[in-house]
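>>> Next come a sequence and a model predicted from it.
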Protein chains: 2
Amino acid sequence: MRKDSRLSRMLHVLVHLHQLQQAVTSDQLALMLHTNPVVVRRTMSLLREQGYVSAVKGHGGGWTLAKPLHEITLLDIHRSLSESSLFTIGLTDEHNNCPIEKAVNLAIDDVLQEAEALVLQRFGEVTLDKLATGYTPR
Amino acid sequence: MRKDSRLSRMLHVLVHLHQLQQAVTSDQLALMLHTNPVVVRRTMSLLREQGYVSAVKGHGGGWTLAKPLHEITLLDIHRSLSESSLFTIGLTDEHNNCPIEKAVNLAIDDVLQEAEALVLQRFGEVTLDKLATGYTPR
DNA sequence: ATTTTATGTAACTTATGATGTTTCTTAAGG
DNA sequence: CCTTAAGAAACATCATAAGTTACATAAAAT
């Protein structure tokens, strides 16, 4: 299953934007991420919609931070990028009336929801300025 | 990203095998799972390799439990099915020398590893007999 | 005004891995 | 020897992030 690396990439970009202190074009970011500018625009536009970055067209344009790093958490970016599930595990819905299927799905979902809550809480605790100064694990 | 529903499906199958107390063919299981017998064999064979089920060929053959449900945990089945990651989030590895990328990946991976450990622990706490008698969430 | 530089966006292709399908082989019971 | 079943190889399908092509739009430089 192909992994979604957008969170990793966008965090990387945001910290670089902070350090460069100037507008950076999609082409430049694409070189940095070893991808192409359309992928950059597509993904960055999700952050723009949430007010984390700004885009300016034309000469001297490009992307800049719209908020300081200490006001942005991993959770903010994660939420901007995806409403889809965090897990590769899916539940079946083949038999709405089978009590065994219900028990199985309840047991799995119970665990996954607990884990997802943990991830979201931890993501919410990490502001991006911590990544700029060398992150040390818990 | 397509979800991996094998855990859900196989748990469902194992509990049914326990309740039926007789060999069940791949064709029967395929009907039950709304899929086809080759998919059943492919997935069940992973559980057979780990000693959780047995397969018998020919007349009267099919699949049976090789261990009682109380000796099998969700973790056992999860591990039999997949070595791949639990998460849809992936890390980038585009710049081995960039300290920002390293900090970003460390921060994300730190959280995901904690969450994965939680999932594995919880899965390890649930034996399949609990699913047969109506699972109640924590 | 025109050119250049940049984002915005639609449409299409590619890559990946679970899932689905076809076909044949092998083994066991009747 | 026929039927039933698993085993297994080869190939197709599906979903989605990622990649690509092409063009429109906007802003600054000339």
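Nice, I can see it. Numbers count the residues shown, from 1 in each chain, chains lettered A, B, ... in the order given.
>>> Check whether A:Gly61 really touches A:Val24, as I assumed.
No. Look at A:Gly61 against A:Val24 with CB atoms under 8 Å: they stay out of range, at 9.9 Å. For every residue, glycine as well, the C-beta is placed using N, CA and C.
>>> out of these two, which sits in the more crowded spot?
A count of neighbours by other CB atoms under 10 Å in any protein chain shown puts A:Val24 above the other of A:Gly61 and A:Val24, at 17 against 14.
>>> Quick check: the residue nearest to A:Ser26 when sequence neighbours are not counted vs A:Val104, distance?
Spatially, and ignoring its direct neighbours in sequence, A:Ser26 is nearest to A:Pro37 (3.8 Å; CB to CB, 6 or more residues apart in numbering or on different chains). The spacing between A:Pro37 and A:Val104, counted by CB to CB, to the nearest Å, is 45 Å.
>>> Tell me which of the two has more neighbours.
Set A:Pro37 next to A:Val104 and count neighbours by other CB under 10 Å: A:Val104 wins out with 27 against 16.
>>> Show me what the lengthiest helix in chain A is packed against.
In chain A, with assignment by DSSP state H, the single longest helix is helix A:99-125. Packing contacts for helix A:99-125, counted by 3 or more CB pairs under 8 Å, 6 or more residues apart in numbering or on different chains; DSSP states H and E, involve helix A:74-81, helix B:6-20, helix B:74-81, helix B:99-125, helix B:129-132.
>>> make it 7 Å
helix A:74-81, helix B:6-20, helix B:99-125, helix B:129-132 (3 or more CB pairs under 7 Å, 6 or more residues apart in numbering or on different chains; DSSP states H and E).
>>> who wins for proximity to DNA strand C among the ones you listed?
Closest approach to DNA strand C among the helices and strands packed on helix A:99-125 (CB to the nearest atom of the strand): helix B:6-20, 4.0 Å.
>>> so, in contact with chain A or not, that closest one?
Yes. Using CB under 7 Å from any CB of the partner chain, helix B:6-20 reaches chain A at B:7-9, B:11-12, B:15-16.
>>> Tell me the buried residues in stretch A:112-132?
Judged by neighbour count using 16 or more other CB atoms under 10 Å in any protein chain shown, the buried positions of stretch A:112-132 are A:112, A:115-116, A:118-120, A:122-123, A:126-128, A:130-132.
>>> Need the max-distance pair from these.
Longest distance between any two of the buried residues of stretch A:112-132 is 31.9 Å, between A:Leu112 and A:Ala132; criterion CB to CB.
>>> returning to what we had before: of the buried residues of stretch A:112-132, which is the nearest to A:Leu75?
Closest to A:Leu75, out of all of the buried residues of stretch A:112-132 and judged by CB to CB, is A:Phe123, at 3.9 Å.
>>> tell me the contacts of that closest one?
For A:Phe123, the contacting residues are A:73-75, A:78, B:111, by CB atoms under 7 Å, 6 or more residues apart in numbering or on different chains.
>>> Distance to B:Ser54 added to the helices and strands packed on helix A:99-125, as TSV?
As requested, the helices and strands packed on helix A:99-125 are arranged in TSV below (distance: least, CB to CB, whole Å):
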stretch	distance to B:Ser54
helix A:74-81	44
helix B:6-20	10
helix B:99-125	23
helix B:129-132	19
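>>> got these as a markdown table, with distance to DNA strand C columns?
Shown next, in a markdown table, are those (distance: least, CB to the nearest atom of the strand, whole Å):
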| stretch | distance to DNA strand C |
| --- | --- |
| helix A:74-81 | 14 |
| helix B:6-20 | 4 |
| helix B:99-125 | 16 |
| helix B:129-132 | 18 |
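>>> okay if I get those helices as JSON lines plus mean pLDDT?
Listed next are these as JSON lines, based on pLDDT from 0 to 100:
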{"stretch": "helix A:74-81", "mean pLDDT": "94"}
{"stretch": "helix B:6-20", "mean pLDDT": "95"}
{"stretch": "helix B:99-125", "mean pLDDT": "95"}
{"stretch": "helix B:129-132", "mean pLDDT": "92"}
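>>> out of those, nearest to A:Leu31?
helix B:99-125 (14.3 Å).
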